[in-house]
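[1] Prediction below, plus the sequence it came from.
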Amino acid sequence: MLQIEIKNCFVELGHFLSQFNENKTIKKEAIKNNDSFFEKFNDLIQLSQSHNNWFTPENIFFAIQSWAEALTDENLSTWLSNYTFENTAPKKIGLVLAGNIPLVGFHDFLCVLISGNHALIKTSSNDQHLIKFLANYLIALDERLKERITFIEGKLEGFDAVIATGSNNTARYFEYYFGSKPNIIRKNRNSVAVLTGNESQEELEALGEDIFRYFGLGCRNVSKLFVPKNYNFDAFFKGMFVHKDIIEYEKYANNYDYNKAVYLMSLFQILDNGFMTIKEDTSYASPISSVFYEFYESIEDVKLKLDADKELIQCVVSNGCIPHSFAFGEAQKPKLADYADQVDTLQFLNNLQ
């Protein structure tokens, strides 16, 4: 298949996904294969929480809309224009996908196919239905893609390179098992926000989106704050208040109660607003419903620390005080070229011999 043909399939997929919205899902005319796929996908969205309790319809719709917005002809063409793809034989690329948030492995899937390679996909048990459905939709658009997409139930074998995402513990296994082949192996990372004390309420409310979207389970969720010395948290908590309904979700509430109890029994000093806690801590990975914070003397000090710890950090949000940071509320809206761990997946695939 020509790259333009594969790209056009993803553009059609974007059109299909654009129909599904939390506020109003409407079946549109002229969407290819809608009669076969529309109702089934709508049912899958509603069933997703039964497959994974964290996959609420609200978060599924958010992930779907994010991809609908990304998979336009303009976005894909602009992204691909930065690469020159050689006419080499397709490689078999093993994908070991995470399952912490909906469709978290879709970008790797997209990269493998659009670079002309074959995807051997090992899904997470926590997110195995959505990507298989979307793969079937792509195959319905062009049967030739069936030869390019294989879902692996057992041991992943017969690959030329691998992209594997997991925890720090599973990364050690990945490095042992996949180390003899070209690979990208991703470990735990977290995201941070740098506050100056000059943020507007709107910016702080948007920061709440970076913290609470997907219940904080994603590597792009902010789990750590850097705040100036003597920072007053009143404005921060006021900004968080618009997200208070998250405590109505039982699984999140159980984590909040448990982690708060652990902090109190351990005599840790925490600040609490009834649906989240914040704790002074130098670590980056905070538990669900909790965010760590650390004081700083100057922005330059923060820049030095972030650079020193860059292998632990997925992304940074700020009001612009940190170069190349995301605006508040944008952490969970990466562009196609915002690669996980800042490793250019398409370039990796393009360089395979």
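    Yep, it's here.
[2] Assign the residue of the chain positioned farthest from its centre to helix, strand or coil.
    In the chain, the greatest distance from the average C-alpha position (CA atoms, centre = their mean) is reached by Leu267, at 33.9 Å. State at Leu267, reduced to three classes by DSSP: H, G, I helix; E, B strand; the rest coil: coil.
[3] Please tell me how far it sits from Pro334.
    With the distance defined as CB to CB, to the nearest Å, Leu267 ends up 39 Å from Pro334. (Glycine included, C-beta is placed from N, CA and C.)
[4] In a strand, Lys279, correct?
    Yes - counting by three-state DSSP, Lys279 is part of a strand.
[5] Need the nearest residue in space to it, chain neighbours excluded.
    In space, and not counting its chain neighbours, Lys279 is closest to Ile270: 4.8 Å by CB to CB, 6 or more residues apart in numbering.
[6] what distance separates stretch 284-303 from the centre of its chain?
    Relative to the centre of its chain, stretch 284-303 is centred 21 Å away, using CA atoms, centre = their mean, to the nearest Å.
[7] Quick one: end-to-end length of that stretch, please.
    With CA to CA, to the nearest Å as the measure, the first residue of stretch 284-303 is 15 Å from its last.
[8] Mind listing what's buried along it?
    By neighbour count on 16 or more other CB atoms under 10 Å, the buried set for stretch 284-303 is 284, 286-294, 296, 302-303.
[9] can you pull out the helices in the stretch 51-200 of the chain?
    Under the criterion DSSP state H, counting those that start in this stretch, the stretch 51-200 of the chain contains helices at 57-70, 73-80, 106-114, 130-141, 168-178.
[10] okay, those helices, which one's buried deepest?
    Highest mean neighbour count among these (mean count of other CB atoms under 10 Å): helix 106-114, with a mean of 23.
[11] That helix packs against which elements?
    helix 3-17, strand 92-96, strand 118-122, helix 130-141, strand 161-165, helix 345-350 (3 or more CB pairs under 8 Å, 6 or more residues apart in numbering; DSSP states H and E).
[12] give the contact list for the residue nearest to Lys279.
    The contact partners of Ile270, by CB atoms under 8 Å, 6 or more residues apart in numbering, come to 260, 263-264, 277-279, 290.
[13] quick one: Ala98 and Leu217, what's the gap?
    In terms of CB to CB, Ala98 sits 10 Å off from Leu217.
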